[in-house]
Structure formats: structure tokens, C-alpha cells
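>>> What follows is a protein structure lacking sequence information:
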């Protein structure tokens, strides 16, 4: 079965990413089986699905870290050939360099671009302010909390100003409170920047809170099962009846009973 | 931002009292070690006749006398020259081969096999062969030092390159790094801890082999020779003076200089 | 199988040792050089046993190593270069020289292709010698080189085991070597070298002597006499029956297969016989010997090996030698 996924009708935006019958195998193991979809410029797309459904692999293909086994992946109407700073990925593990300070980590991409020091300084300082790490510039990653590290990792990617932001369960390893805070921040950054964002997560609430559309994938091999558009205006109320109903729908599709008082992400609105 | 304020408390910077404590913690074990050696020595000196084990005081006096003698300084200098040449060559060679091994799998397997065979041979065992092959003088001794220091460096770097975090490489690639930038910005810093470890282990090996090689290597200058000669002419005070100098110098080189270099290169680990 | 062999060897040796249980135990130490051949002969021909001694003979690689065994009570009696007794006495150890074994025969051999015809030509050349600070080394620096107008700075002296020196000579890694038997004979037979100097001919001196710790003299003076008597018999035997002595010595100093040389093999016994001819073994320390020893003590002082005065009379005790001389028919 093949589901064709296109941006919401009437959005009137051009297609930023087009995936056409993508197949991805590792040896005999087929991880992604003929996925086709497109993402509009400036859209926020979330992908949820059980472990092993190929979500992360999909992001790696989009980032150009893995070449597709079959099918095409195009961004801005051009085939993806290898990594490109304009389509960047934030890993689940923060992947900061332990030997670099927060400042130097954020500056990494700019150093690689061989920007002049003055520009690097301005840009990094601005980004540290944006993610609220301005007073931790000289700290090493191991001195920071998990949330701070993930902010730094986000800032590092934002430094090269990508127009496609790929997020691979960026808040997966964080505690519930920190996660909510970072969701708010991500939303703020997204709304300001107008970047195209693809967020892979296993947190349904996170997906519904942030995304324009939520794609639900099935497991081994990964296929698109369902697409749920979320039309509620941002910023959304995490406790709204509409989101709660959508959550029930998504969990139903995933074959999970909606749990009242979810242990990991309480269905309540925290005042932060 | 509740989260920010909350985590700030868990972040600590070593300063003030912490730094003083660190220095104390660093120096104290050395002092204890030194004093216990001295105590054991003094007790031994009381049991054995002075011509076998001279008392520490007598030996210390001799150390200062020797340090005022040009011939002794030349001998110590010669040992250092051999050590430096051998150690630096071994480190560069080990680093290069270790890096190549990290990248080229076939070469790595070969070198691993070679290492497992050759590493079991104490470096000093090569001396007679090297003397015959290279003639007498500095060459066989330096070669022994190279062998002694080469393996730890190679193995350490080889393992480190194999264990470079793939995620770190991906990050740099995604940010557009070319091969050179990958090497400089990811591989090199990632391997530095291993280089430091390799250098420290290699240095210990090199230093021990230097002294041993000078004792049996057919030379007539150097700290090892000094001790050996003193032993041959019944001058146990000079033997112990030489041993004292060796222990003192290597403690300073290893415990101070190499440790400082390590902390400088791996600053991020010690904060 | 192996354990059985070992066990049977132990049993056999226990049985063999049984009659000599009454014999006096003595730990005899020697240096593994031809100069100490009389000890090997005394052991293998049973001269120690004949004197009522149960000698446990231990081999050392050099005199300076052996003497440490004497001062730390790990050996009762040693045959080694006499200077070792002087250096340790100067430090306060209690050692006595009680008899002689061999005159210092050390050859200076040089490779034929290095243009070394006499000692003077050694200037700027390399020379392999045995342990620094040994009797041979003292003689080399303080007598041989000095008499040729050279100092230790003019010649590049390399201290190494004689076997390494030999291999280096063959390989051309060293220009010359100061060698004692049997390495001297082996070198001449197997390397392109010529002897340019023989200290035993030019400047005879007592090299190998019998040294005992004062403790043994105090506690078991008779053991000293017995061992000197055994060594005396041994040296007389070597003089009278050199061919038989060579056969006894061959396994101790030579590889079984002998020496392969330009296609033909030289038997070990032949080399041993050669070595016996070029050595002078004697059990008496003569007046001339004592004079030489005095001279060497002053050489040691000039080389700064000795920092205090050591009167020779305080180190030499010849009462057993004199006793043996009186017994002479």
C-alpha cells in the first residue's frame, strides 16, 4: 500500500521536500518501504511511530548521511547528494563535542564555513541568547544539564542557518518539564524563522502541540500509515479538547489505549 | 525559565577552595610516597653495613656533590638526549602508524599481529643484536627506546581512531566539513586523550629501557652506565645516588611535565 | 615422562651425594671465563671432593658481580680479579686475598682492515672491553693505554659481554677488542683480526686470585686451606695433562659443535688447548705479584676508582699458601 502525502490543500506554498517511492535497506533488512510524501516550504511536520519504523533512517536520508537504496529524495527540486549545511539534523543524543566549550560548539559550523572571527562572535552570541545559554558560553558540555546541552546542539545547527531543520527525537532523553520548556522554545524559534521542520518523535502530544501535520508510520518495514492534519492555531493549549481528541485518534491508530495521566507526559498544562 | 535556573545550581566551577584542595591532593601522595621510601631505606641502612646500603643522608650529600661535577651533568645530559630522540621518534612513528591503522583495516590487522608478537619481548633483549647490527654507541640504545615507547603509542592511537564517535563525525559532515576539517576538528581532538595516554605509558617504558640499555649497551656515558660502573667498583653510595636521580627526574617529568601537558590538552576533562 | 626423568636424576644424585654427606659444604663462586678454568677442572675432576669438600660451584658473569655475592654471604669463596677485593675493602667490607690462580693474559686484537698496527694506532678507534671497573678494565686504562701514551678519552671504549664483542668484531662493528681466553683464541680463529698486544707478555700481573670473606677465615680457616689445595692440584693437573684438561673444559666453555670456520670445523678441544697454552695458571702469589698489585692500587687511585688508601697488607693473607709451599716435596 502506498499513501501519497501532500501538504494541506490551499496552503499555497511551494513544495520544499519531495520524497518519491523511497526504499531503504540495510543488507537484507528493509527499513523503509516505498515512502512517498512532500513537505511544503515552512511547514512543520511531525513523524510518530513505534521504535524501528525507520523514522530516524528517514531523517538521515534527508540529511544526506545515507544514500537511498531506491527512489528519490529531492529538496528544492534537487536530488540530495551527501550532507548539506542547509538541511541540518539535530540528533537525539546532543552530540556536542566534549572538548569544546558551549561557545566553540555553537561556532563549529561557522568555523567550517571559514567565517571571519568577528562574524562568528556576533552570530554565536546572538544564538546563545536565543537559546538562553548566554551565561554558559565557557562551560564544557559535561558541566551542563541535559536540557542545556540540547539547546546548545540546536544552536549549533541554527548557526549555519539551515532552511530545513531535521530533528531526531531531540527531547527524547529529557525529563518531562524540561521537554515542555524546550517545546515552547522550539516553537518560538520556528515561528520566528519560517524554516521547514521535520520532527521525529515518539511523543504524540509533542507532535500534536507543534506540527502542522502528524505522519504516523508503521513498523518494519516503515510505511506511512496515516496523516493527521492539526489545524488548531498556535500557540496551542496542551489541554484543549481538540488536541486530546486527536491524541486518542493517533494512539488508536498506533494500536495503543489512551492512558489517562500518562506517566511520561502528564496531560496537564504546566505553568512555566 | 524554571529549567535554566534549576540547572544552574548543579553546575560548578573549580575555583577558590577547590583549587587549593586539588593542589594538596596532588602533592600529598607524592610526599607520602617519598617519605615511605626514605623510611624503608633508612631502616635498611641501619640493618645492613654502610658498604652495602649507605644511609639516605650520605647519598643525598653525594647527589649534590655529583650535581656539582661536570662529568655527571654531561652523563645525565647524554641520557636525556638519548631519551628525547628515542621518545620523540617513537611517538611520531607510533602516532602515524596508529592513525594509518585506524583508517586502513588490513594494515591494522597486520600491525596488531606484529604488536602482539613483538610486545612480549622486553626491549632490552634486543641490545646484543642491535649492537652487532648498528655498532656500539647511541644508535642501539635509541632503537631500544623507540621499541619501548612505540607500541603503547601505536596501540593507544589505533584503538582511539577505531573508537571515534560516529555521531561526532556526522555532525561535522552535516555542517559541511571537508576531509581536512574532519581530521583537524574531529579526529585529532578525539584522539588526543589516547595520544596523551600513549605518551605517558610510552615514556615510562622509554625511561626504564634507557637506563637498562645504558647498563648493558656497551656505552661509557649515561645514567645507566653511571650506576652500573659504580656498582662494579663497589661504590654503593653512587649507585643509590644514581637511582635517586632517576626516580626524582622521572617523577618530575612524568608527574609534573607530562601531567601538565595532559591537563592542558584535556582541559575539558578536568573541569 | 619429563617429571620421571627429573625425579630419577634427583634420586641418582641423592644416592651419589650420600657418601659425601660428611664432607664440608662450601659455596665456591667463579667467573665464567677461561681464566677461572682451574675451578671448573677442580669440580669436574673431583679435586674438591678429594680434599673433603662438598663444593657447590656457582658461575658468575663478572668479577664485580661475584664479589657482591661474597660480601652478602651468598658465597664462601670466589676466584676473581683481585681489584674487586681492593674496591670493596676500601668501602669497609672484610675480604682477604688468599691465593693466586692466573696471570692476566688479555690480548688486544684489532681488525686487519682498520690500519691498527700498534697500540698508538688505537687513537680515535673503538675498542670493546668487558665490564667497566673490572680488573681487566683497570689494567686496560691504567696500564695498556697509558703506556702507549693514550687516555680513555682517546679511545672509544665499549663495555660489553665478550661474546657480543666477538660478534661485533666479526661484523666489523668495532675496530678492536681487549679479550681474554677463550674468546681471544676464538677471535683469532674466526675473525679477520690480529693480536697487536698481549698484556701477559708485556706487563704480567696477578689477575685471578682467590678471595674469601673474613667470616670464613674466622669460622672455618681449614676450609680455606682445603679449597686452595684443591685448586693447586687442579692447576698442576692442567699443566701436566693439558689434553685431558682441554677435554674437561670444552663443554664448559665451548659450544658442542665447535667452531665453524671457512668450511672446516675446529674442535672445541683444540680451542681449549690453544687457550691453555696462552695462559699462565699459578697458585702462588709471588713477591713480584705483590709489587704489581701495589702498582695497580695506585693506578686505581689515579683513575679515581679508589678514593681512599688501602694498604695491600690489610687485604692479603698468605698463611695457607705458605703452608702449602712447606708441604712441597
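Received the coordinates, thanks. If you're wondering where the values come from, they're calculated on a predicted model, not measured in any experiment.
>>> SS state for residue A:39?
strand (DSSP: H, G, I helix; E, B strand; the rest coil).
>>> number of nearby residues for it?
26 (other Cβ atoms under 10 Å in any protein chain shown). Using the backbone N, CA and C atoms, a C-beta is placed for each residue, glycine as well.
>>> which residues touch it?
A:7, A:15-18, A:45, A:196, A:198 (Cβ atoms under 8 Å, 6 or more residues apart in numbering or on different chains).
>>> repeat that for 10 Å
A:5-7, A:13, A:15-19, A:45, A:62, A:75, A:164, A:196-198, A:212-213, A:215 (Cβ atoms under 10 Å, 6 or more residues apart in numbering or on different chains).
>>> Same check on residue C:314?
Counting by Cβ under 10 Å, 6+ apart, residue C:314 has contacts C:86, C:89, C:96.
>>> ok, now residue A:226?
A:3, A:5, A:48, A:214-218, A:249-250, A:252-254.
>>> ok but it is inside a helix, no?
No - under three-state DSSP, residue A:226 sits outside any helix and is assigned strand.
>>> which helix in the chain runs the most residues?
Went with chain A since none was named. In terms of residue count, the longest helix belonging to chain A (DSSP state H) is helix A:176-193.
>>> actually it's chain C I care about, not the one you picked
Under DSSP H, chain C gives helix C:221-240 as its longest helix.
>>> The helix or strand harbouring residue C:293 - contacts with which helices or strands?
Element membership of residue C:293 [criterion: DSSP states H and E] is helix C:287-302. If contacts are counted by 3 or more Cβ pairs under 10 Å, 6 or more residues apart in numbering or on different chains; DSSP states H and E, helix C:287-302 sits against helix C:83-90, strand C:95-103, helix C:135-139, strand C:206-213.
>>> Save the ones you listed as JSON lines, and put in distance to chain B, mean neighbour count and mean pLDDT too.
Formatted as JSON lines, the helices and strands packed on helix C:287-302 follow (distance: least, Cβ to the nearest Cβ, whole Å; neighbours: other Cβ atoms under 10 Å in any protein chain shown; pLDDT from 0 to 100):
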{"stretch": "helix C:83-90", "distance to chain B": "4", "mean neighbour count": "27", "mean pLDDT": "92"}
{"stretch": "strand C:95-103", "distance to chain B": "10", "mean neighbour count": "24", "mean pLDDT": "93"}
{"stretch": "helix C:135-139", "distance to chain B": "8", "mean neighbour count": "26", "mean pLDDT": "87"}
{"stretch": "strand C:206-213", "distance to chain B": "12", "mean neighbour count": "27", "mean pLDDT": "93"}
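>>> These into TSV, with extra columns for distance to residue C:200?
Shown next, in TSV, are the helices and strands packed on helix C:287-302 (distance: least, Cβ to Cβ, whole Å):
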stretch	distance to residue C:200
helix C:83-90	16
strand C:95-103	6
helix C:135-139	10
strand C:206-213	9
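>>> So which residues of the stretch 51-200 of chain A form helices?
Along the stretch 51-200 of chain A, the stretches classed as helices by DSSP state H, counting those that start in this stretch are A:55-63, A:102-112, A:117-130, A:146-159, A:176-193.
>>> Can you report how many residues neighbour residue 194?
Since no chain was named, I'll use chain A. 10.
>>> actually it's chain C I care about, not the one you picked
With other Cβ under 10 Å as criterion, residue C:194 counts 16.
>>> so it sits in a helix?
No - with three-state DSSP as the criterion, residue C:194 is located in strand rather than a helix.
>>> how near is the residue lying closest to it once chain neighbours are set aside to residue C:167?
Sequence neighbours aside, residue C:112 is the residue nearest to residue C:194 in space, at 5.8 Å (criterion: Cβ to Cβ, 6 or more residues apart in numbering or on different chains). Counting by Cβ to Cβ, to the nearest Å, the gap from residue C:112 to residue C:167 is 17 Å.
>>> What of residue C:322?
45 Å.
>>> give me the number of residues near the closest residue to residue A:157 other than its chain neighbours?
Distances taken as Cβ to Cβ, 6+ apart place residue A:88 nearest to residue A:157, at 4.5 Å, with adjacent residues excluded. Residue A:88 has 26 neighbouring residues, counting by other Cβ under 10 Å.
>>> and residue A:88, what is it in contact with?
A:63, A:109, A:156-167, A:195, B:171, B:174-176.
>>> tell me the average confidence for stretch A:89-108?
Mean pLDDT, computed over stretch A:89-108, is 89.
>>> What of stretch A:68-83?
Mean predicted confidence for stretch A:68-83 is 88.
>>> Between the two ends of it, how far is it?
Using Cα to Cα, to the nearest Å, one end of stretch A:68-83 lies 13 Å from the other.
>>> and that stretch, does that touch chain B?
Yes - using Cβ under 10 Å from any Cβ of the partner chain, stretch A:68-83 reaches chain B at A:82-83.
>>> Now do residue B:61, the pLDDT please.
94.
>>> Spatially nearest residue to the residue in the stretch 151-271 of chain B positioned nearest to chain C (excluding sequence neighbours)?
Chain C sits closest to residue B:232 of the stretch 151-271 of chain B, with a gap of 3.2 Å, by Cβ to the nearest Cβ. Excluding the flanking residues, the one nearest residue B:232 by Cβ to Cβ, 6+ apart is residue C:133, at 3.2 Å.
>>> how many other residues sit next to the one you found?
Based on other Cβ under 10 Å, the number of other residues close to residue C:133 is 27.
>>> so what's it up against?
B:228-235, C:62-64, C:81, C:83-84, C:87, C:141, C:159, C:300, C:303, C:305.
>>> need the strands for chain A, in chain order.
For chain A, the strands defined by DSSP state E cover A:4-5, A:15-26, A:29-40, A:44-48, A:70-75, A:78-79, A:87-90, A:164-168, A:196-200, A:213-218, A:223-229.
>>> Could you list the residues of the stretch 1-150 of chain C in contact with chain B?
Contacts of the stretch 1-150 of chain C with chain B, taken as Cβ under 10 Å from any Cβ, map to C:62-65, C:67-68, C:71-72, C:83-94, C:126-129, C:131-134, C:137-138.
>>> Repeat the analysis, applying 7 Å as the threshold.
C:64, C:71-72, C:87-88, C:91-93, C:126, C:128, C:131-134 (Cβ under 7 Å from any Cβ of the partner chain).
>>> can I get those in CSV with distance to residue C:103 and secondary structure?
Shown next, in CSV, are these (distance: Cβ to Cβ, whole Å; DSSP: H, G, I helix; E, B strand; the rest coil):
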residue, distance to residue C:103, secondary structure
C:64, 20, helix
C:71, 25, helix
C:72, 29, coil
C:87, 21, helix
C:88, 22, helix
C:91, 27, coil
C:92, 29, coil
C:93, 25, coil
C:126, 27, strand
C:128, 22, strand
C:131, 19, coil
C:132, 22, coil
C:133, 21, coil
C:134, 16, coil
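>>> From those, keep the buried residues only.
Buried subset of the residues of the stretch 1-150 of chain C next to chain B (neighbour count, 16 or more other Cβ atoms under 10 Å in any protein chain shown): C:64, C:71, C:87-88, C:91, C:93, C:126, C:128, C:131-134.
>>> Noted, bye for now.
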